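>>> Prediction below, plus the sequence it came from.
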Amino acid sequence: MSGLTRSQLIGKQVYNPDGTLVGTINDVELIIDRNEVALQVQTKYRTTEYVPWTKVNAVGDIVLLKEKVEIQAPQVAPPPEAPKPASQTVTEKLGEIGESLKSLVKSSGVKCPTCGEKATYISQYKKYYCYKCAKYID
C-alpha cells in the first residue's frame, strides 16, 4: 500500500483535466463528520478552494483532477471617483499669490545713489533695495 504524506502534497500544483492551473496545495484538510479528505488549494487569484480527495485523478509531480474545478476571478472594485475640482483653479491661486507678493515688494520713484537704477521697496525690512548693486539704500 502506497500513501502520501501531508508534506509530499503541500506545494504541488493542481491542474484541471484540460490542463488549466487551479492553484497550489496549501494544506490537507480532514472533514471528520463526513469522513472525507480535502485539499486546500490557493488559486492563482489568491483565493482558497477546497477540492475533495474524490476529485483527484492522479498525484505525481503535479496533482491532476478528474473533473474541472471552476475558479471565479475576484470581483474588482470600481475605481474611486475623481476628486471634485477645487473652488479655485491653480492659476487663480497663483494670481492671488502674485498679488500678495506685489504688496510686499513695490517699486517707487527712489533711485539708487550709486548706479541710478530704480530701487525696490522691501516692506519686510522697511527699506529700499537696489538689485543691480545688491545693496540696501538708507
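Sure, I can see it. Numbers count the residues shown, from 1 in each chain.

>>> Domain-wise, how is the chain divided?
Structural domains annotated on the chain: 6-65, 104-138, as defined by automatic domain parsing.

>>> Just the buried residues of the last one, please?
Taking 16 or more other CB atoms under 10 Å as the neighbour-count basis, domain 104-138 is seen to contain the buried residues 112, 119-121, 128-130, 137. All C-beta atoms are positioned from the backbone trio N, CA, C, and that covers glycine.

>>> go on, stretch 15-23?
Quick answer for stretch 15-23 (16+ other CB under 10 Å): 15-16, 22-23.

>>> What is the end-to-end distance of stretch 59-73?
Taking CA to CA, to the nearest Å, stretch 59-73 runs 26 Å from one end to the other.

>>> cool, stretch 125-135 as well?
End-to-end for stretch 125-135, by CA to CA: 13 Å.

>>> Out of the domains of the chain, which gets the lowest mean score?
Least confident of the domains of the chain, judged by mean pLDDT, is domain 104-138 with a mean of 83.

>>> For that one, what is the distance to the chain centroid?
Put simply, domain 104-138 sits 51 Å off its chain's centre (CA atoms, centre = their mean, to the nearest Å).

>>> nearest to residue 98, of the domains of the chain?
Taking CB to CB, domain 104-138 is the member of these nearest to residue 98, at 10.8 Å.

>>> who's in contact with stretch 29-47?
9, 14, 21-28, 48-54, 56, 63, 71-74 (CB atoms under 8 Å, 6 or more residues apart in numbering).
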